[in-house]
Structures are given as C-alpha cells and as structure tokens.
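Engineer: got a predicted model here, sequence first, then my questions.
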Amino acid sequence: MNLDKYQSHDKVLLAVDCIIFGFDGKQLQALFIKRGFEPEMGKWSLMGGFVNNDESVESAASRVLHQLTGLSNIYMEQLRCFGDVDRDTAGRVVSVAYYALINIAEYSDQLQHDHEARWFPLDKIPTLIFDHRQMVTKAKERLQQKVANHPIGFELLSQKFTLPQLQNLYEAIYEGPIDKRNFTRKILSLGILNKLEEKEKESSRKGAYYYVFDRGKYNKLEHEGMKFI
C-alpha cells in the first residue's frame, strides 16, 4: 500500500470539547474548569482533550465527560467542528464540540473540587480561552432548537418533577416567560407525563403534584412529527 499521499500532508491534532449544561431550579448553567496546563493555564475553559488513536471522536467525548462528571449514559450530542487555523495558540488543533445535559443534583462535589470546576449561570459566563465562548453560544442555540421538538429537557431534571419546575426549566432555556396556562395545557395534552399521588410542598402550602416522563408514550408519538413546545 502506497502511503506517500498521506505522509505528504500536514498533520493536524484532533480534540473534543464538551459544553455541559445543568439546571439549578432557576437558571440554566454551564460547567467550566480551571485549565491545568499551558497555554492559558489557570484560566476558565471547557472540559476537553485530544482524541486517542484507538478511539472514535464520540468515545473521546464520552471519556472526557465521565472524567469530569463521573456519570455514564449522559445525554450527549455532537454540535459542530471548530477549525479556525489560529484557534489554539499552541498549534494546529481542530476541535469537535459536544454538548451534554446532566442533573446537577447527581454531580459530585468531590469531582468539582478535584477538577477545580464551577457552575456558572449562562448570563454570567467568565472569560473563556480560545473559542470556547463561541462553542457555548452555539450549544445554547442548538439546545433551544432541540427542546422544541424533543423532550431532552427532562435530562436536566430529577426523575420526578412538578409542572412549575418543568416550566421554570423551559423559561430558563428560552430566557423569557412562558404563559402558564398554555404551557400546562400543551404539556398535558401530549399524554407523555404520568401524574403521581405525591406532592412537592416546599414551594407552597397547597403543594404541586409530581409527574414523571413516560418515554414509551413519547416514542409512539415521535414518528408523527409532534411539536413538543
């Protein structure tokens, strides 16, 4: 096999960067770490790493996410490729960005300490290295598009939740108020939430019923091209 054609081309490093979103009950947040090596050591950064020779790009992203969160089976989606020639000051690096959704309550404080990681509300993002702010912006836009037709927002909530908690989530994602009556009517009309007998009473004396997402019912409706929100 003649490999001259391959060997004659420049070599480019391939990396992955992960935008990790969480929801604290009021605001959509993103997880950043203090970079532990040069260049830009000590500055805020997305969690990322280089793709190894023996793994796919998706496997590399899953590895990076597990290293930072300790969680497996996280909702993760490829965002896009970022390949400006001078995006990394240390060399020619092309990065494939992924965004992920996790339940903040499941994220370990110890892992946060180990990686010098911190959650930031999206309206208070610190100065980030390279093109990482652009990655976050693109990921937020993709999330806003995605949740309109797919119930991925439930990945940010606990298994059981109230309708007010669900509305708070969507208002945080869309960065604005949503009419309560229309939201509740639309959500319940889809038939993909199962109501529990249990109530959440910390927010009010009367309390709000908990619901759980029924993925089986949703899967039956999905092929019809339903609009979620």
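Structural biologist: Arrived safely, thanks for sending. Numbers count the residues shown, from 1 in each chain.
Engineer: quick check: domain ranges of the protein?
Structural biologist: The domain map for the chain lists 4-146, 158-222, with the assignment taken from automatic domain parsing.
Engineer: would you mind giving those as CSV with mean pLDDT added?
Structural biologist: Listed next are the domains of the chain as CSV, based on pLDDT from 0 to 100:
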stretch, mean pLDDT
domain 4-146, 94
domain 158-222, 91
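Engineer: which of those sits closest to Ile152?
Structural biologist: If you check each of the domains of the chain against Ile152 by C-beta to C-beta, domain 4-146 wins as the nearest, at 5.8 Å. (Glycine included, C-beta is placed from N, CA and C.)
Engineer: list the contacts of Thr82.
Structural biologist: You called it Thr, but residue 82 is Phe. By C-beta atoms under 8 Å, 6 or more residues apart in numbering, the contact set of Phe82 is Asp17, Val94, Ser95, Val96, Ala97, Asp131, Gln134, Met135.
Engineer: who's the closest residue to Leu122 other than its chain neighbours bridged to?
Structural biologist: If the residues on either side of it in the chain are set aside, Leu122 comes closest to Leu28, at 5.4 Å by C-beta to C-beta, 6 or more residues apart in numbering. Per DSSP bridges, the residues bridged to Leu28 are Phe23.
Engineer: report how many residues lie close to Leu28.
Structural biologist: Around Leu28 sit 22 other residues, with neighbours defined as other C-beta atoms under 10 Å.
Engineer: quick one: residues contacting Asp88.
Structural biologist: By C-beta under 8 Å, 6+ apart, the contact list for Asp88 reads Pro39, Ser95, Phe130.
Engineer: who's in contact with the second one?
Structural biologist: With C-beta under 8 Å, 6+ apart as the criterion, the residues that contact Ser95 are Leu14, Ala15, Val16, Asp17, Gly48, Cys81, Phe82, Gly83, Arg87, Asp88.
Engineer: all the helices of this protein, residue numbers only.
Structural biologist: Assigned by DSSP state H, the chain shows helices spanning 4-7, 57-69, 109-114, 132-146, 163-174, 180-189, 215-222.
Engineer: got the contact list for the second one?
Structural biologist: So the one you mean is helix 57-69. Taking C-beta under 8 Å, 6+ apart as the rule, helix 57-69 contacts 14, 16, 18, 20, 31, 33, 47-52, 55, 71-72, 74, 76, 78, 96, 98, 100, 102, 107-108, 111, 115, 117.
Engineer: from the residues you listed, which ones fall inside strands?
Structural biologist: Filtering these for membership in strands, criterion DSSP state E, returns 14, 16, 18, 20, 31, 33, 47-50, 76, 78, 96, 98, 100, 117.
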